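Asks: need a structure here:
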Amino acid sequence: MQKLTTAFLLFLLVCCSARKNPEPYGAIPSDSQLRWHELEYYMFIHFGPNTFTNREWGEGTERPEVFNPAKLNCRQWAATARLAGMKGIIITAKHHDGFCLWPSKYSTHTVRESLWKNGKGDVLKELSDACREYGLKFGVYLSPWDRNHPTYGTPEYNTVFAKMLEEVLTGYGPVFEQWFDGANGEGPNGKKQEYNWPLFFSTVKKHQPDAIIFSDGGPGCRWVGNEQGFAGETNWCTLNADKVFPGYPKFEELTTGHEDGTHWVPAECDVSIRPGWFYSPDTDDKVKSLKQLAEIYFGSVGRGANLLLNVPVDRNGLIPRADSIRLMEFRQYLDKAFAVNLASGQLVRTPATAYDHPSSNLVDNDSRSCWFSSEKYPVIELMMEKPERFNILVLQEGIAYGQRIKSFEVDAWVNGNYQTIAQGTTMGYKRILQTDEVVTDKIRIRITESKANPVLSEIQLYYNPIQL
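Replies: Sure, this is the predicted structure:
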């Protein structure tokens, strides 16, 4: 009898353990992708000969001597990014002109041939060291297009480019994101290159297995389909990645993703704080306004994408004063807008769940904890101890189990009735909704369409005192 009782208890334990988490739905993120989502906001830096020639796309014929940033200070870049609230920096290690910001053994068009530090400098080393000092992630952009290298347009060049990747990915510590674009034009021999993307991707995975690979089709994250910094109102983190490739012509699909995509390939919004990507003195008075940056933030991070904000370095090798001041203003704006989560620790009423994750997880300020609905279209009520004023609502799905929600509505209890104050389509990692000012002690979230029983991680409320 004792043996039977023990066996029965073990059986129950196994059954209960098996019920702790639901089965994932569809494509799900890797651990590296989950960590990437949590970064949300980081810096892009375009820097190279174009900085000194006032060009956006160099031709590869520029003399290396033109690159000579006399006051270059990567610690200033890193300090600025850190104070701006950014989590990392991605640098254009090699743009289309082929100029390498490190002394590559596979090119004669590098910092080694420049006047900067008498050819002894290495921008990637200085920046990666500065990122580590300031607690930032370090990422690199390498354009496969090379308008200078003599082997471009031949099969040999793919090996050369892979060797350049290997240098960068093995010489400067951890790389959190490897950035590729699909630009493909003629090289010095008048030919275009047939890129060996499987070789390039495998080189990244071999040397930096946790790095997120960016391109139109991922596989780590995707271009959002525009350079204005806005994801779609509907934004699926999934993509039919086997059909999408760097240089994909139907790039408008990338703004919303594919609802039934086979792979988890979330969107990244790249946009510059100035009209161009590289520094130009002509744009010193054209830095984006605080209002523009706020609109971009709510249209990118607020729609479940990551924001990669380009801040071009000037000819001295420094982030210009005007850009830095605007970044600090933007940081102050975000700090005030998201200062106090009014929903934290409040009472949440939800339908019952068969899983071991209570509804209190929705108000614990932890995007990794979740509540699993036992219904496909649940109604969730947030009951506050006293009336609160808010104008920002944050909703997050438990994306570790897939992206499920297709549409939702939010109501506030006003004058004895529920009144709809917001609605949306996809949530994904994070959905930030701005509303008219509301004072209430009760709101409810109604899931109106879902591909499977929803998994939610956070409900947050904020009052933003600054109106732009």
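Asks: from here on, contacts and neighbour counts on C-alpha atoms
Replies: OK.
Asks: which residues in the stretch 201-350 of the chain form helices?
Replies: Secondary structure of the stretch 201-350 of the chain (DSSP state H, counting those that start in this stretch): helices at 290-300, 321-337.
Asks: how about the residue nearest to the spatial centre of the chain, what does it touch?
Replies: Note on the chain: the residue nearest the mean C-alpha position is Asn306, at 2.6 Å, using CA atoms, centre = their mean. The neighbours of Asn306, taking CA atoms under 8 Å, 6 or more residues apart in numbering as the test, are 37, 39-41, 267-269, 300.
Asks: Okay, buried residues for stretch 287-297 please.
Replies: Across stretch 287-297, burial judged by 16 or more other CA atoms under 10 Å covers 287-288, 290, 293, 296-297.
Asks: what is the mean pLDDT for that stretch?
Replies: Averaging pLDDT along stretch 287-297 gives 98.
Asks: Val340 and Asn464 touch, don't they?
Replies: No. With contacts defined as CA atoms under 8 Å, Val340 does not count as touching Asn464, sitting 9.5 Å away.
Asks: Look at these two and report which has more neighbours.
Replies: Each of Val340 and Asn464 has its neighbours counted (other CA atoms under 10 Å); Asn464 has more, 20 against 14.
Asks: Find the nearest non-adjacent residue to that one, please.
Replies: Ala337 (4.1 Å; CA to CA, 6 or more residues apart in numbering).
Asks: burial count for the one you found?
Replies: Using other CA under 10 Å, the number of residues around Ala337 comes to 18.
Asks: distance between the ends of stretch 99-112?
Replies: Stretch 99-112 has an end-to-end distance of 10 Å (CA to CA, to the nearest Å).
Asks: in it, what's buried?
Replies: Buried residues in stretch 99-112, counted by 16+ other CA under 10 Å: 99-104, 107-112.
Asks: Check stretch 305-324 too.
Replies: By 16+ other CA under 10 Å, the buried positions in stretch 305-324 come out as 305-315, 317-320, 323-324.
Asks: Next: stretch 249-256.
Replies: Across stretch 249-256, burial judged by 16+ other CA under 10 Å covers 251, 254-256.
Asks: thinking again about what came up before, mind checking pLDDT for the residue nearest to the centre of the chain?
Replies: On pLDDT, Asn306 comes in at 98.
Asks: what pairs with it across the strands?
Replies: Glu268 (DSSP bridges).
Asks: Scan the contacts of Asn306 and report the most crowded one.
Replies: Ala267 leads those on contacts (other CA under 10 Å) with 36 neighbours.
Asks: Quick one, grab the pLDDT at it.
Replies: pLDDT, Ala267: 98.
Asks: list the contacts for it?
Replies: For Ala267, the contact set (CA under 8 Å, 6+ apart) comprises 221-224, 231, 235, 237, 254-255, 257, 304-306.
Asks: ok, now Val140?
Replies: 90-93, 175, 177-179.
Asks: sorry, back to before: out of the buried residues of stretch 99-112, which is nearest to Thr440?
Replies: For the buried residues of stretch 99-112, the closest approach to Thr440 (CA to CA) belongs to Leu101, at 55.1 Å.
Asks: excluding its backbone neighbours, what's nearest Asn240?
Replies: Gly261 (4.5 Å).
Asks: Just put the contacts of Val140 in a markdown table and tack on pLDDT, neighbour count and secondary structure.
Replies: Listed next are the contacts of Val140 as a markdown table, based on pLDDT from 0 to 100; neighbours: other CA atoms under 10 Å; DSSP: H, G, I helix; E, B strand; the rest coil:
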| residue | pLDDT | neighbour count | secondary structure |
| --- | --- | --- | --- |
| Ile90 | 99 | 24 | strand |
| Ile91 | 98 | 25 | strand |
| Thr92 | 98 | 21 | strand |
| Ala93 | 98 | 24 | strand |
| Val175 | 98 | 22 | coil |
| Glu177 | 98 | 24 | strand |
| Gln178 | 98 | 24 | strand |
| Trp179 | 98 | 24 | strand |
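Asks: Now distance to Phe52 too, for those, in a markdown table please.
Replies: Shown next, in a markdown table, are those (distance: CA to CA, whole Å):
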| residue | distance to Phe52 |
| --- | --- |
| Ile90 | 20 |
| Ile91 | 17 |
| Thr92 | 15 |
| Ala93 | 16 |
| Val175 | 27 |
| Glu177 | 27 |
| Gln178 | 25 |
| Trp179 | 23 |
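Asks: Among the buried residues of stretch 305-324, which are located in strands?
Replies: In this view, the buried residues of stretch 305-324 that belong to strands under DSSP state E are 306-310.
Asks: Would you pull up how far the helix or strand that Phe161 is a member of lies from the middle of the chain?
Replies: Assigned by DSSP states H and E, Phe161 falls within helix 155-171. The chain centroid and the centroid of helix 155-171 are separated by 25 Å, computed with CA atoms, centre = their mean, to the nearest Å.
Asks: Can you give me the domain assignment for the chain?
Replies: Annotated domains of the chain cover 31-337, 347-462 [automatic domain parsing].
Asks: The ones you listed: which one's closest to Pro24?
Replies: domain 347-462 (4.2 Å).
Asks: now the end-to-end length of the closest one.
Replies: For domain 347-462, the first-to-last residue distance is 16 Å (CA to CA).
Asks: if we can go back for a sec, the residue nearest to Asn464 against Gln467, yeah?
Replies: No. Assessed by CA under 8 Å, Ala337 is found out of contact with Gln467, at 9.8 Å.
Asks: so the residue lying closest to Leu34 once chain neighbours are set aside, which of the three states?
Replies: Distances taken as CA to CA, 6+ apart put Ala400 closest to Leu34, at 7.5 Å, once the chain neighbours are dropped. On the three-state scheme (DSSP: H, G, I helix; E, B strand; the rest coil), Ala400 is labelled helix.
Asks: Name all residues that make contact with Ala400.
Replies: Contacts of Ala400 (CA under 8 Å, 6+ apart): 24, 28-29, 34.
Asks: Angles on the backbone of the closest residue to Thr53 other than its chain neighbours, please.
Replies: Once flanking residues are discounted, Thr53 sits nearest to Val66: 7.9 Å by CA to CA, 6+ apart. Dihedral pair for Val66: phi -70, psi -20, per degrees, to the nearest 10.
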